[in-house]
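Chemist: next one to model:
(chains A, B, C and D)
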Number of protein chains: 4
Amino acid sequence: MTVSRTVELEGHIIDSGTMGNCFGAVMDMGGEFEVEEFEVGRHKHAETYCRMRVMAETEADLRAILHELNQQGATVADPRDATLHEAPEDGVVPVDFYSTTNHPTFVRVDGEWIEVEDAEMDCALVVERGEPEDGERPRVQTKVLNAVEEGDLIVTGESGIRVEPPERPRNGGGSFGFMQGGVSSERPSASLIEEIADEMREVRETDGNVLVVCGPAIVHSGGRDALADLVREGYVDALSAGNGFAVHDLERDLYGTSLGVDTEKLEHPRKGHKHHIYTISEIARLGGIEEAVDEGVVDEGVMYECVSNDVPYVLAGSIRDDGPLPDTITDSIEAQNAIREQAQEADIVLMLATLLHSVAVGNCLPSTTKTVCVDINPATVTQLLDRGSAQAIGMVTDIGTFIPMLAEELLEE
Amino acid sequence: MTVSRTVELEGHIIDSGTMGNCFGAVMDMGGEFEVEEFEVGRHKHAETYCRMRVMAETEADLRAILHELNQQGATVADPRDATLHEAPEDGVVPVDFYSTTNHPTFVRVDGEWIEVEDAEMDCALVVERGEPEDGERPRVQTKVLNAVEEGDLIVTGESGIRVEPPERPRNGGGSFGFMQGGVSSERPSASLIEEIADEMREVRETDGNVLVVCGPAIVHSGGRDALADLVREGYVDALSAGNGFAVHDLERDLYGTSLGVDTEKLEHPRKGHKHHIYTISEIARLGGIEEAVDEGVVDEGVMYECVSNDVPYVLAGSIRDDGPLPDTITDSIEAQNAIREQAQEADIVLMLATLLHSVAVGNCLPSTTKTVCVDINPATVTQLLDRGSAQAIGMVTDIGTFIPMLAEELLEE
Amino acid sequence: MTVSRTVELEGHIIDSGTMGNCFGAVMDMGGEFEVEEFEVGRHKHAETYCRMRVMAETEADLRAILHELNQQGATVADPRDATLHEAPEDGVVPVDFYSTTNHPTFVRVDGEWIEVEDAEMDCALVVERGEPEDGERPRVQTKVLNAVEEGDLIVTGESGIRVEPPERPRNGGGSFGFMQGGVSSERPSASLIEEIADEMREVRETDGNVLVVCGPAIVHSGGRDALADLVREGYVDALSAGNGFAVHDLERDLYGTSLGVDTEKLEHPRKGHKHHIYTISEIARLGGIEEAVDEGVVDEGVMYECVSNDVPYVLAGSIRDDGPLPDTITDSIEAQNAIREQAQEADIVLMLATLLHSVAVGNCLPSTTKTVCVDINPATVTQLLDRGSAQAIGMVTDIGTFIPMLAEELLEE
Amino acid sequence: MTVSRTVELEGHIIDSGTMGNCFGAVMDMGGEFEVEEFEVGRHKHAETYCRMRVMAETEADLRAILHELNQQGATVADPRDATLHEAPEDGVVPVDFYSTTNHPTFVRVDGEWIEVEDAEMDCALVVERGEPEDGERPRVQTKVLNAVEEGDLIVTGESGIRVEPPERPRNGGGSFGFMQGGVSSERPSASLIEEIADEMREVRETDGNVLVVCGPAIVHSGGRDALADLVREGYVDALSAGNGFAVHDLERDLYGTSLGVDTEKLEHPRKGHKHHIYTISEIARLGGIEEAVDEGVVDEGVMYECVSNDVPYVLAGSIRDDGPLPDTITDSIEAQNAIREQAQEADIVLMLATLLHSVAVGNCLPSTTKTVCVDINPATVTQLLDRGSAQAIGMVTDIGTFIPMLAEELLEE
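Modeler: I've put the predicted structure just below:
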């Protein structure tokens, strides 16, 4: 063990798991540690402090270990300012750039700890010094790779960076508590729905922002009317979905009971079918969803309520889309940017029966945003939570019963 | 029952299920039928013929029933030419346009049955009359909605259209036989892999085209080296994937065993992490995958073998991508068009552990293209087969054992 | 093709798929067929008749084909009486015994077609001639292998046996219609629940028998109270479950909110834990569930309502049980017999979130009993339906929302 | 907080998570803690010591908290002997009996710490004092509820009991390391199989005992021959399965290629079918599997190799069985006892594609037994690991490719 460095941790680091994770990471990565100082939090509200020296065989190993510890919340003791290097080209980061977590993060610039704006995982950190003579403080922002511009000042290494992973809350915290996450297949569905309703009500009362991410199964499984009710009654502040969700919703309005024949009863294994395509064609002819609402062609459903109640929506395109609708953003970078904006404004996010769109939204969320993932497939919920915020809760249930029960809870009071 | 029309069916329509489906569709949709003539195929190779009158309450109901029957293979008796209407605008189809199946389809134009080029589901049929005086015959092509141009002659109604759904083959047909499809969780894995290898060998010997659709799980689960071998040895003619697959493949090359620490052993629930992003940054710096191979930065793996062996690939973007790589097509319509070209050239398609890309490819495939869907999640396989071709077989297995066993079968002879 | 035999089919055999299945089976099994007579049903209510000669290479192949055709509903033309052989020992059937389907079946004995009592799949058919001189007609019963006794007259071969698989009903039949089965993940949940409630109401009004098969997830997911309500209000005539369901139900009563600490909130990955075991111990001390209810120790929940309302229950043991309770039948043959009795009396069966017990009940059901399988895991529903009756419907949903919504539908009218 | 007690923890309690779990449990259950002494382990090999006072509102709350802490490894400071009460009746435990974990456990009897024999979860602890005058030391054994006899001395409360949950090993430990468990869908399949082969080889070289738990999918998916090879070559010391596995294995031998018709190709959704039942009948006629092997009727397959190589097997009955075979133990308590014996002798357990039997075996295993759970359904693997030992690893893969690759690894060296 020829190289070493000293790091510090502070907070509820034992019961939040941070301390154990750090010891484990050092050992797993072939390093050693020597605790130099340890002051245990003697009761529930007291914080623990640890200073330890981390040793490794090579400088490269040590950096890898430090990167891992940093992301767990450890900071290099006796910190220097963060190291900055210019991006050599658009879309290119310097060697050893710092890749972000989704936790609150602070960067030391010119001796001062600056909080990173819009925490988001897997981004570069870009420092803007501003004009100190004009009294401007430096700013640090996250930038996804495709937004990095030549000359951007990018944070590299692990010095001068502090991450604050979520801690186990001292008050339990209910279903939205610490790492309650996991997949709650064994918790009573009805009481979980009540808790989610409570959170939504609270967000609404504090003028917060509820973002709903929607998959097409909402329409097939019969959750559409209840979701439209929630939009109309003001429980949804923004909607994120794909082309498919919008088309199914509009098609149900245009053709749901047409022809005297309930076309839903037939077996239609194919993705599209005539009404689906024709719905897109009709909306295209009119110029878009808003125009279709204005002309009275569309007069019910989720998209209708969004337009009527000024709830902004993002429809992101994908390679499996039919059409798509004129409203659908077909470029994935552009769509991601639109989703990013929604994600950063949200106070609570409901992800309903869509893997692709939920992952896309989840990628942009800070770990402090409350998140609920609902899907009938436990693999979807697990995959979302694994990437997601520690405050996220997952619920394996039927979206076709979940939304009506949630709406009943919220609307019938 | 005030309106009626007479349709005909011919072929192995009893054991292929067509006849039963047609009777069932009429009854389910509230109609009645009267069989006017029925000549049963008396032995295995004899075809059955049926002419029946279909009755419904209203003209609209009748058209809905006829549309359904047509897609099953019934044709209107005493056919007229197909009805044609001009597309009123770009991306807009006339009312009552004919929405395609993925089966071989023929359209009667000027008294002549013309085979539709590039059969694909959920498209409009566009007729080009050409210059008859120059001896040109009319052509009929499929167009997805976004490719429809103002003035295109679009087929509407059901007259003058004949669909040929797949029939139960008379020789059994092995695993790729009729509707053997379904999900084969109860068939011996090793012998299914042998059959797939046999098909691939046969396609190769007849200079056919093998398209492989790849998900990132191939890399995680350890199927990457065997797939690279298959590409190098000429068993793959085209590759379709997303940005994520390519980045994971390249990252494994650049960082797989770096640092003296096997970074794979650590728990990395997050989508990206540093090496992932830095891999994209490096490839971007060099200008793309081909440039990275040329400069020797990338010297093994699936993408390397594709470049080295001139195997064309399409990387389609999605909203959950990091980066993306310069090679990734970020516009979903453009990406769909590139996928469509791959799909139409393929003689056999292997869909490996990716729902999104498999659905996108499957949407463009004619029902006559052999298709194998491999995934550990039965829901993925079911979803693909439900939309797919009747020749498709699904296999619920581990991609990390499937590809090595397939490669062993193909390469060690 | 050196051997042949002639079979007949009659009924709605085209749209019910029977005819196609028979042609397909002959070809798949290497035989040939020659249709000798075919009279198509010319309209919805007319039946089709087919007589065909089936040919095979060897007598053994022919018998295998005939067995398959017989189970699809084909009968040997010019039938003789069924062939009978004595069972050589207890639990042993003669070579070439006839293995039953779960469809209505008739056996020709002494020139007379006798309907099989208690149709059940995978059984032997045992003929009792009775005393003809006393005017007794012969009886034919199903016997599972372990019930076969030395000397029983067992039906062998395929002669003199007629099976009536379900046909596509002429009136649509709603969700409980023909092969609507499959897994309804794309049908609106709330309206499916309404249809199930309608069926239950109808069964109740006609003094029919509702059997509910229960898994422990009912308790964990919060469906227990609503199910107890349904029992109390007379919507359940019999209950079938395992030891685990009963213990969880009783434990919730005895310990649900005890200790001032909601023990449900803690992570208890282990199967049992203290309260679970102690619940069993307590019930054992009292002598059983009924005694515990009588002594007032148990005063709410599903088992309580069963005892209080004289709803008979079967608790079948399994090797993963704790305890078990004194009420649990630990011998699997004895338990099967108790389940068989429940199954044969049922007019409708609700299988709720249990694979093992649902399969056990399903094994004993005739194909004419209406069956609903509800589970959040589509694999469970598929597995149950594959073995089940053609009238079965599957619903992939959350039992914790399903039961409350069903109870609301039934009780709040 | 009116009542309190002091507990101690010692070991690698920070990185093994014990310390954090204990703090968390106290807070979750409404208590408070006061750390009285804390000596951190300053480097990798140094242990940590903690003494803390735990406070609660009521004595009942305190006991509940202490029970939880005890199971995590905390012991009451200044321990007294364990409290013993007599079992009031057969199958009945005293109030407040101690319910076991599956970790190594020690009980203080007459001032001496006695290790519990055959650690198993959810049992009572029974003390036998023996004859001290004859130099016999007391013994403490686990007993499941149904084995408890009136007058047994049962441990109650939490005093005088010490549990040793597994600690994170200091040397990494490979795939079988600490809590590497989880579901390894993202680890390379082939290298995991190698690691499992290494473990089996090591167990064999040290004369250890390999227990294989088998589901019927092994036969359907084509893993049967490779498993038979492993039995023949001495890699399997005991086999645990159900009636269904044995019947499918024997049937494949008796009828697999008979009739000149590959009956596997036909669709047989039903559980049994003729050959299945007749196989059972034939084995019953001969008296059992061993007799069938002796008479040469069965001459290949897994059960054949077990008999031929004296590998003992347990076939446990279930309510969904056909037959069952004479070898099947139909009483669930008796079957559990046979399984318990197998489990306690095993050094490594392979659970292959069976939920029911794997759970039954897992219930009897101490947490120190290496365990591998292999299933294509991640829910099965998760459910098994959640109950299982911390050394367990789960692998979501296809049993039909897993067993052949494992056999190739073990046999072709």
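Chemist: chain center to stretch A:4-16: distance?
Modeler: The chain centre lies 26 Å from the centre of stretch A:4-16; the measure is CA atoms, centre = their mean, to the nearest Å.
Chemist: stretch A:93-109 now?
Modeler: 18 Å.
Chemist: next, the buried residues of that stretch.
Modeler: Judged by neighbour count using 16 or more other CB atoms under 10 Å in any protein chain shown, the buried positions of stretch A:93-109 are A:93-94, A:96-109. From N, CA and C alone the C-beta is placed, and that goes for glycine too.
Chemist: out of the residues you listed, which are close to chain B?
Modeler: A:93, A:97, A:99, A:101 (CB under 8 Å from any CB of the partner chain).
Chemist: would you mind listing what in the stretch 301-413 of chain A touches chain B?
Modeler: The stretch 301-413 of chain A comes close to chain B at residues A:316-324, A:330-333, A:335-336, A:339, A:356-357, A:359-360, A:363, A:377, A:379, A:386-387, as judged by CB under 8 Å from any CB.
Chemist: next step: the residues you listed restricted to strands.
Modeler: Mapping those onto strands (DSSP state E) picks out A:A316.
Chemist: the stretch 151-300 of chain A: helices as residue ranges?
Modeler: A:189-205, A:217-220, A:224-232, A:243-255, A:274-286, A:289-294 (DSSP state H, counting those that start in this stretch).
Chemist: what's the following helix or strand after the last one?
Modeler: Beyond helix A:289-294 on the C-terminal side, the first helix or strand identified by DSSP states H and E is helix A:302-308.
Chemist: wait, which of the helices of the stretch 151-300 of chain A is closest to chain D?
Modeler: Closest approach to chain D among these (CB to the nearest CB): helix A:189-205, 16.3 Å.
Chemist: between that closest one and helix C:224-232, how many degrees?
Modeler: If you take axes from the mean of the first three to the mean of the last three CA atoms, to 10 degrees, helix A:189-205 sits at 130 degrees to helix C:224-232.
Chemist: name the residues that touch helix A:189-205?
Modeler: A:174-176, A:184, A:208-210, A:234-235, A:347-348, A:350, A:370, A:372, A:393, A:395, A:397, A:402, A:405-406, A:409-410, C:221-223, C:398, C:400-401, C:404 (CB atoms under 8 Å, 6 or more residues apart in numbering or on different chains).
Chemist: narrow these to those that are buried.
Modeler: For the contacts of helix A:189-205, buried by 16+ other CB under 10 Å: A:175-176, A:184, A:208-210, A:235, A:347-348, A:350, A:370, A:372, A:393, A:395, A:397, A:402, A:405-406, A:409-410, C:221-223, C:398, C:400-401, C:404.
Chemist: so A:V361 touches A:S240, yeah?
Modeler: Yes - under the criterion of CB atoms under 8 Å, A:V361 makes contact with A:S240 at 5.7 Å.
Chemist: identify the contacts common to these two.
Modeler: In contact with both A:V361 and A:S240: A:211, A:213, A:339, A:342, using CB under 8 Å, 6+ apart.
Chemist: what's the pLDDT at A:D310?
Modeler: You'll see A:D310 listed with a pLDDT of 98.
Chemist: so how far is A:A238 from it?
Modeler: 11 Å (CB to CB, to the nearest Å).
Chemist: so which bits of the stretch 301-413 of chain A are right by chain D?
Modeler: So the stretch 301-413 of chain A meets chain D at A:378-379 (CB under 8 Å from any CB).
Chemist: please enumerate the helices of the stretch 301-413 of chain A.
Modeler: A:302-308, A:332-345, A:355-364, A:378-387, A:399-411.
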